[in-house]
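Enquirer: When you get a sec, could you give me coordinates for this:
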Amino acid sequence: MSKKPIRVYPGSFDPITVGHIDIIKRASTQFPDSKIHIVIANNRDKKHMFSINERIQQVSDSIKEKGIENIKVVAFEGIISNYLNDVNAITIIRGIRNYTDFEYEKSLETFTRKTSNVETIYLSANPEHSSISSSNVRNFVTTGFDEAIKGFVSPSVYDRIINKKHLLREAK
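Expert: The predicted structure is shown next:
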C-alpha cells in the first residue's frame, strides 16, 4: 500500500470558525486520496485567546463533529516551509475570503514556493462565510457581542469561548 500524499492547511485557528471547517471539509472531499494536515501555528509572539492545546482540541472536536476524515491535526512552531519539507507535503491549502486575503496569501506563496517547492491551492470561502474571521470573533467577544458570534463558530467552540470569557473575568 502506498503512502497517501500530504496536503497542509495551516492557520492559527484561534478560534476555529465555520469558515475554516468549510474549507477543511471541501479540501477533504477534493483530495480523498490525501492525508490533510491541519497545522496549528504556535506563534509565541502573538497573544492567543486559546492555548495551543485548546486549539488542537477545538479543531479535532470540530472535525469529528462534522465527520470529516483523512485529517491529522498538529501544532507547529516556526516557518511553515520547514513543516512542508519535513513531511514531504505536495500542496499547501489556503482559504481566501476576499481580494485582501488573496494578496496576502499570494505573497506567502512566493516565499513558500522558494523555500519548499510546494504548490499552493486556493479555496474560496463560501459567500455566507466570507466575512467570518477568527479576529472578528475575538473582537466581538471582547466588546460584549457574544450572541453575534453564534453563527460564526460551532456550538461547542461557542461554549468554550463563553467559558473562557467567564474564567478570565473571574480571574481578575
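
Enquirer: drop to CA atoms for contacts and neighbour counts, all remaining ones
Expert: Noted.

Enquirer: What lies in contact with the strand or helix carrying residue 65?
Expert: Assigned by DSSP states H and E, residue 65 falls within helix 52-66. For helix 52-66, contacts defined as Cα atoms under 8 Å, 6 or more residues apart in numbering pick out 13-16, 21, 40, 42, 69, 73-75, 154, 156-157.

Enquirer: Mind checking which of the residues you listed are in helices?
Expert: 21, 156-157 (DSSP state H).

Enquirer: Using neighbour counts, trim those to the buried set.
Expert: Burial of the ones in helices among the contacts of helix 52-66 was assessed by neighbour count (16 or more other Cα atoms under 10 Å); the buried members are 21, 157.

Enquirer: thinking again about what came up before, columns pLDDT on top of the contacts of helix 52-66, output as TSV?
Expert: Shown next, in TSV, are the contacts of helix 52-66 (pLDDT from 0 to 100):
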residue	pLDDT
13	96
14	95
15	95
16	97
21	97
40	97
42	87
69	90
73	98
74	97
75	96
154	92
156	91
157	93
